[in-house]
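Engineer: Quick one, fold the following:
(2 chains)
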Amino acid sequence: MPIPYQIVVCGSVVPDPLQTLEPITTPAGPALKNELMLPAVLDPWAGHALFEAANLAKQHPGSKVWLVSVGPKAKLQQVMMTVAQKVPFELIALDGPASGFAESAEIAAALAGAIQAIPGLDQSRLFVFGGWESASRGAGTTMQMVGELLGITDQFQGVDQLTVRPDGSFQALERVEGGKHQVSACSALPALLGWATGNLPEPPNNPQVGMLNMRTVMPALQRAKPVKVANDGVAFASVSLPKQRRATKIVKDLSPDAIAQEIVEWIGKE
Amino acid sequence: METILFLAHTETDGSLGKSALEALNAAKSLAAVLPGSNLISGLVGGDVQTAANQIAGCASARFLGVVGPDFASSRYSTDIVAVEALARAAAATIVIAPGTARWNRVLAGAAQRLGGRIDTHATGTTAADDQPGITRWYYRQRMEAVVQRTRRPWFILLDPGCGEPWTGAAGQVQVELVSPALTDANRRTTVTGLRAPSADQQTIRPDARLLFVAGAGWTKTQPDGKPHPKEAEQLILGFLAQSKASLGSTKSLVDLSGEGQAVLKFMTHLNQVGQTGSTPRHPKGLSTCCHGEEPHTVGWRFINERRAVNLNPNCSWAQGKADVLYVADAFAVMRKVNALLAEKA
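Structural biologist: Presented below is the predicted three-dimensional model:
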């Protein structure tokens, strides 16, 4: 009999990768210029986590997926218009910053609090998913802290594959150095997985799923609790864009043979 | 005045890896410039004596160790107990560790458990006005910040390849063993092994001198009106075999592979560099058939010497970012490169 899993996915929004980003200084610390105007997307690795969660839930009838997200309400709403059409989930929204400069420990505390408030959560069926890093802070620290606050000590990061077994145990493949995966077996839930890319393509938009999700997304956004991030005890002495621009030498008139000769000589130089 | 704990885990042979020695060098340097600070080494592994002896000459005030079969493998539930015990035993205010997969998995949890804070992917340490700081990148290597913290303990994970490894005399040291208590709950996860492509198929080589980046252009229609993925595969793998380079890829190319198209079958998301991939560190980089806007080129932000082969002289992957851009057909160039490398061999 398949286990009906409870899968809580943590994930927020980040600026669209194609946008040019520029840091500015505000009284509250560093921020992005025109941050609220920048188009946003669901954080890529959190997106993979969400799609893996939906896939797992689909294979195990009775399973349910929650998406817990801290971000400015308006941005969350914008991104949910697309994400909600991909896979079924229930949104738990928290109205707070999605900035890369926000302290991960404070974000983790807000996420853990929201997860603990989910009614009927059963630790023996619980997977907590998220991206192993964000495309904003890029630290890979929030999920571990969420796990600690929830008392989950079976944690896996950089996960590319999860295989669940009927007895409630599972196997996880985590990325390690040198293009390898570490294979681990865990005998029971709860567990926390920070996903890398996984193996699933992005699901196509499904308007029916979108309509179903939007019934809960809009109310969730309306009742989103505010989250204050004080960035207590952290100071940014500077935030700057890399200034180095190389003087690219463009070689147009060499034959492939001559170019190859140059490249081989260059590779061979110490 | 800081108590700096250099925290490392052993490799499978019991020694400390290069990234650990880089972190040791950074920890030692920071301790030297912060007045009244001292350095303590904390080691985790099946057995840590070899590792401790390896760094005997690092002027560490104490050598602490958590050892045993439970701590030989990389597992969150036992590693966090070991790290917590070492940090407490050392009364550490700053913990400096290499940014390995093992430590990246666990140290944020340890910081949380100890009421501290953490910064990962640090590229260096600073000490302005006797205040420790770190440099790290935000928004996937698109802006760099100098960060200082008052909260302790402060965990700092240094990205491998950002500094020089410590070198010094080996010797014989006395390791003070710390023995944290474990329960069955700490052993619910079992590490069963590593999964890796066979040696001749392994295309990711972190220690290679050259990163070869392949872009989606390799799969596009060629002058004869057809794509040539088979030849592209042979040329790329042939080059990797002869040059011992590491292979990186643009997102568009690995996405094509993931979608099951008849493209480069050896290419996976593990090869992906850039915005949603890795930012490896190699002395040299050669990109071929890559095209992308600024955010996508961060994949070789940390490559020192960069050259590119592309048919488009205005290629945004190369303009302003590469030292040399060869405007040429990568198939023709790499065919000849492989022939020349074969002659040299």
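
Engineer: Can you tell me the element B:Asn333 falls in?
Structural biologist: Not quite, residue B:333 is Val, not Asn. Assigned by DSSP states H and E, B:Val333 belongs to helix B:330-344.

Engineer: can you check A:Val9 too?
Structural biologist: strand A:6-10.

Engineer: Do a quick rundown of the helices in chain A.
Structural biologist: A:44-59, A:73-83, A:104-116, A:142-150, A:207-222, A:256-268 (DSSP state H).

Engineer: got a list of what residue 189 touches?
Structural biologist: Went with chain A since none was named. A:123-127, A:154, A:168, A:170 (C-beta atoms under 8 Å, 6 or more residues apart in numbering or on different chains). The way it works is simple: take the backbone N, C-alpha and C, and place the C-beta from them, glycine included.

Engineer: My question was about chain B, not that one.
Structural biologist: A:154, A:184-187, B:75-77.

Engineer: repeat for A:Lys249
Structural biologist: B:323-325.

Engineer: Save the helices of chain A as CSV, and put in distance to B:Phe212 too.
Structural biologist: Listed next are the helices of chain A as CSV, based on distance: least, C-beta to C-beta, whole Å:
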stretch, distance to B:Phe212
helix A:44-59, 24
helix A:73-83, 35
helix A:104-116, 34
helix A:142-150, 33
helix A:207-222, 41
helix A:256-268, 10
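
Engineer: Need the winner for burial among those helices.
Structural biologist: Highest mean neighbour count among the helices of chain A (mean count of other C-beta atoms under 10 Å in any protein chain shown): helix A:142-150, with a mean of 26.

Engineer: how about residue 83, what does it touch?
Structural biologist: In the absence of a named chain, this looks at chain A. A:42, A:47, A:50, A:67.

Engineer: look at chain B instead
Structural biologist: So B:Val83 contacts B:7, B:42, B:44, B:106-107, B:110 (C-beta under 8 Å, 6+ apart).

Engineer: rerun at 7 Å
Structural biologist: B:7, B:106-107, B:110 (C-beta atoms under 7 Å, 6 or more residues apart in numbering or on different chains).

Engineer: Check A:Leu241 too.
Structural biologist: Counted by C-beta under 7 Å, 6+ apart, A:Leu241 has contacts A:22-23, B:143.

Engineer: for it, phi and psi?
Structural biologist: phi -80, psi 150 (degrees, to the nearest 10).

Engineer: Next: the one 5 residues further on.
Structural biologist: The phi and psi torsions at A:Arg246 (degrees, to the nearest 10) take the values phi -80, psi 150.

Engineer: Local confidence estimate at it?
Structural biologist: If you check A:Arg246, the pLDDT there is 87.

Engineer: same deal with B:Lys18?
Structural biologist: Taking B:Lys18 on its own, its pLDDT is 96.

Engineer: how deep is the nearest residue to it once chain neighbours are set aside tucked in, by neighbour count?
Structural biologist: Among residues not flanking B:Lys18 along the chain, B:Pro165 sits closest, at 5.3 Å (C-beta to C-beta, 6 or more residues apart in numbering or on different chains). For B:Pro165, the count of nearby residues is 15 (other C-beta atoms under 10 Å in any protein chain shown).

Engineer: helix/strand/coil for B:Pro165?
Structural biologist: Secondary structure for B:Pro165, judged by DSSP: H, G, I helix; E, B strand; the rest coil, is coil.

Engineer: Might one say that it is in contact with B:Gly17?
Structural biologist: No: if you go by C-beta atoms under 7 Å, B:Pro165 and B:Gly17 don't touch, sitting 9.2 Å apart.

Engineer: so what's the residue nearest to A:Pro207 when sequence neighbours are not counted scoring on pLDDT?
Structural biologist: Using C-beta to C-beta, 6+ apart and skipping residues adjacent in sequence, the residue nearest A:Pro207 is A:Gln85, 6.4 Å away. A:Gln85 is assigned 97 on the pLDDT scale.

Engineer: Please apply the same query to A:Pro190.
Structural biologist: On the pLDDT scale, A:Pro190 gets 98.

Engineer: Bridge partners for the closest residue to it other than its chain neighbours, pull those for me.
Structural biologist: For A:Pro190, ignoring the flanking residues on the chain, the nearest one in space by C-beta to C-beta, 6+ apart is A:Leu126 at 4.1 Å. With DSSP bridges as the criterion, A:Leu126 is bridged to A:Gln6.

Engineer: could you pull out the strands for the stretch 201-345 of chain B?
Structural biologist: Assigned by DSSP state E, counting those that start in this stretch, the strands in the stretch 201-345 of chain B fall at B:210-214, B:246-249, B:284-288, B:305-310, B:324-327.

Engineer: Format the ones you listed as CSV; extra columns: mean neighbour count and distance to chain A.
Structural biologist: Formatted as CSV, these follow (neighbours: other C-beta atoms under 10 Å in any protein chain shown; distance: least, C-beta to the nearest C-beta, whole Å):
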stretch, mean neighbour count, distance to chain A
strand B:210-214, 25, 6
strand B:246-249, 28, 9
strand B:284-288, 27, 7
strand B:305-310, 25, 7
strand B:324-327, 23, 5
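
Engineer: Out of these, which is closest to B:Gly65?
Structural biologist: Nearest to B:Gly65 among these is strand B:246-249; the distance by C-beta to C-beta comes to 33.5 Å.

Engineer: And the pLDDT at whichever residue of chain B sits closest to chain A?
Structural biologist: Nearest to chain A, among the residues of chain B, is B:Ile204, at 3.0 Å (C-beta to the nearest C-beta). Note on B:Ile204: pLDDT of 90.

Engineer: Test my guess that B:Asp159 contacts B:Thr100.
Structural biologist: No: using C-beta under 7 Å as the test, B:Asp159 is too far from B:Thr100 to be in contact (10.1 Å).

Engineer: about what we covered before: please pick the buried ones from the contacts of A:Leu241.
Structural biologist: A:23, B:143 (16 or more other C-beta atoms under 10 Å in any protein chain shown).

Engineer: what does the stretch 1-150 of chain B put close to chain A?
Structural biologist: B:74, B:76-77, B:80, B:100-101, B:104-105, B:108-109, B:112-113, B:117-118, B:120-121, B:133, B:138-140, B:142-150 (C-beta under 7 Å from any C-beta of the partner chain).

Engineer: Just the ones of those residues in strands?
Structural biologist: B:117-118, B:120-121, B:133, B:138, B:143-149 (DSSP state E).

Engineer: can you put these in TSV and add pLDDT?
Structural biologist: Output for these, formatted as TSV (pLDDT from 0 to 100):
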residue	pLDDT
B:Arg117	98
B:Ile118	98
B:Thr120	98
B:His121	96
B:Gly133	98
B:Tyr138	95
B:Met143	93
B:Glu144	95
B:Ala145	97
B:Val146	97
B:Val147	98
B:Gln148	97
B:Arg149	98
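
Engineer: Which single one of these is nearest to B:Ala85?
Structural biologist: B:Ile118 (17.5 Å).

Engineer: Go ahead and flag the most central residue of chain A.
Structural biologist: A:Ala46 (2.5 Å; C-alpha atoms, centre = their mean).

Engineer: So for B:Asp255, what's the pLDDT?
Structural biologist: So, for B:Asp255, pLDDT stands at 76.

Engineer: What count of nearby residues applies to it?
Structural biologist: 19.

Engineer: Let me know the secondary structure of B:Leu21.
Structural biologist: helix.

Engineer: I'd say it and B:Gly168 touch.
Structural biologist: No: judged on C-beta under 7 Å, B:Leu21 makes no contact with B:Gly168 at a distance of 9.4 Å.

Engineer: can you pull the contacts of the residue nearest to A:Val264 when sequence neighbours are not counted?
Structural biologist: Distance criterion C-beta to C-beta, 6+ apart; nearest residue to A:Val264, sequence neighbours excluded, is B:Leu340 at 4.6 Å. Contacts for B:Leu340 (C-beta under 7 Å, 6+ apart) come out as A:260-261, A:264.
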